[in-house]
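# Provided below are the primary sequence and the corresponding predicted coordinates.
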Amino acid sequence: MNNLPESIIQVRDLKAGYGEKVILQDINFQVRRGEVFVILGGSGSGKSTLLKNLIGLYAPVAGEVWIEGINLVAAKDDERLLVLRKFGVMYQSGALFGSMTVLDNVRLPLDEFTGLPDEVKELAALAKLKLVGLDAAAQKLPSELSGGMQKRAAIARAMALDPRILFLDEPSAGLDPVTSAGLDLLIKELAHHFGITFVIVTHELASIYAIADRVIMLDGRTRSIIAEGRPAELRESSRDPWVRQFFNREPESAESEHHPQAE
């Protein structure tokens with residue numbers, strides 16, 4: 001496997017679907033170490049399907065997902081566990097356990113996957129909460145937090161085992177613009193100061209322009225990647241009118257009616 005030195009994730013000839021239904025095909029891209037990489041597209045274009053294949057929740061119909069030199073699709077037993085430990089995941093809902101304090105939620109991966117003493121696990125979890133600005137809320141329940149704070153807590157939990165990669169599913173969903181901007185800033189700071197590689201599924205244009213180093217855009221019509229590059233460049237110079245329309249937030253026109261975004 002001849003990985004490029006800068007590549008931390010490589011997706012090769014991925015085909016994904018459910019039963020006989022193909023959602024994505026001919027998916028090829030790489031994510032560079034330390035970058036903020038965004039997966040976007042219209043409703044029903046396959047963003048969530050791709051994410052679930054990248055993190056091993058679903059097995060692709062065909063193709064490979066390489067993470068730091070290990071093919072997640074083919075990995076078994078200890079090797080699969082090794083590659084799963086390389087990344088953390090923040091789900092769209094946050095997926096915090098409502099009966100547990102914020103600190104205990106963040107500590108949970110340490111309880112599950114390490115044999116560290118309790119006091120060390122507690123200190124490590126508190127340190128992650130401090131990184132996201134939530135150390136003062138450690139003893140609160142998730143229901144006592146705002147939506148933005150719940151997202152921060154979920155990011156802290158995803159970071160509990162010090163992964164090199166974080167996958168975030170719609171981190172700005174349901175947040176007001178100010179809270180969303182604060183979350184964008186947190187992501188940029190974590191990427192810059194700790195070298196964490198982010199792979200983010202979102203359709204929030206303001207966040208995309210604020211945080212993305214590169215994006216890929218999925219298209220429900222072709223079931224594949226329709227564009228790849230820096231957001232500003234795609235907005236200004238993409239050859240595909242629908243891509244320019246998406247990035248300029250323009251209403252649908254007759255020119256773009258041939259781009260149905262339904263799975």
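Alright, I've got the coordinates.
# where along this structure do the helices fall?
Under the criterion DSSP state H, the chain contains helices at 47-54, 77-84, 102-113, 118-131, 147-158, 177-194, 205-211, 231-237, 241-247.
# and the first one, what does it pack onto?
This points to helix 47-54. strand 7-18, strand 21-32, strand 36-41, strand 165-169, strand 197-201 (3 or more C-beta pairs under 8 Å, 6 or more residues apart in numbering; DSSP states H and E). The C-beta positions use only the backbone N, C-alpha and C, and glycine is treated the same way.
# angle of it against strand 7-18?
Counting by axes from the mean of the first three to the mean of the last three C-alpha atoms, to 10 degrees, helix 47-54 points 120 degrees away from the direction of strand 7-18.
# show me what helix 47-54 is in contact with.
9, 11, 14, 16-17, 23-24, 27, 39-41, 58-60, 65, 167, 169, 199, 201, 203, 218, 263 (C-beta atoms under 8 Å, 6 or more residues apart in numbering).
# could you turn the buried ones of these into a PyMOL selection?
Of those, the buried ones go into a single PyMOL selection, burial set by 16 or more other C-beta atoms under 10 Å:
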select buried, resi 9+11+14+16+17+23+24+27+39+40+41+60+65+167+169+199+201+203+218+263
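# where does this protein dip in pLDDT?
Scanning the chain for pLDDT under 70 picks out 1-5, 93-94, 252-263.
# same thing but 50
Applying pLDDT under 50 to the chain picks out residues 1, 3-5, 254-263.
# quick revisit: pick the most buried one from the helices of the chain.
Compared across the helices of the chain, helix 147-158 shows the largest average neighbour count, a mean of 24 (mean count of other C-beta atoms under 10 Å).
# so which elements touch that helix?
strand 87-90, helix 102-113, helix 118-131, strand 165-169, helix 177-194.
# how about JSON lines for these, with distance to R33 added?
Putting these into JSON lines (distance: least, C-beta to C-beta, whole Å) gives the following:
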{"stretch": "strand 87-90", "distance to R33": "13"}
{"stretch": "helix 102-113", "distance to R33": "22"}
{"stretch": "helix 118-131", "distance to R33": "20"}
{"stretch": "strand 165-169", "distance to R33": "9"}
{"stretch": "helix 177-194", "distance to R33": "11"}
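# tell me which of these lies nearest to L96.
helix 102-113 (5.0 Å; C-beta to C-beta).
# show me what that closest one is packed up against.
helix 118-131, helix 147-158.
# dig out what L218 forms beta bridges with.
G41, I225 (DSSP bridges).
# right, and it touches A227 too?
No: counting by C-beta atoms under 8 Å, L218 does not reach A227; the two are 9.2 Å apart.
# flag every buried residue along stretch 17-36.
Judged by neighbour count using 16+ other C-beta under 10 Å, the buried positions of stretch 17-36 are 17, 23-25, 27, 29-31, 33-36.
# re earlier: can I get the helices of the chain in a markdown table with distance to L141?
Converted to a markdown table, the helices of the chain look like this (distance: least, C-beta to C-beta, whole Å):
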| stretch | distance to L141 |
| --- | --- |
| helix 47-54 | 28 |
| helix 77-84 | 28 |
| helix 102-113 | 7 |
| helix 118-131 | 14 |
| helix 147-158 | 11 |
| helix 177-194 | 19 |
| helix 205-211 | 27 |
| helix 231-237 | 37 |
| helix 241-247 | 39 |
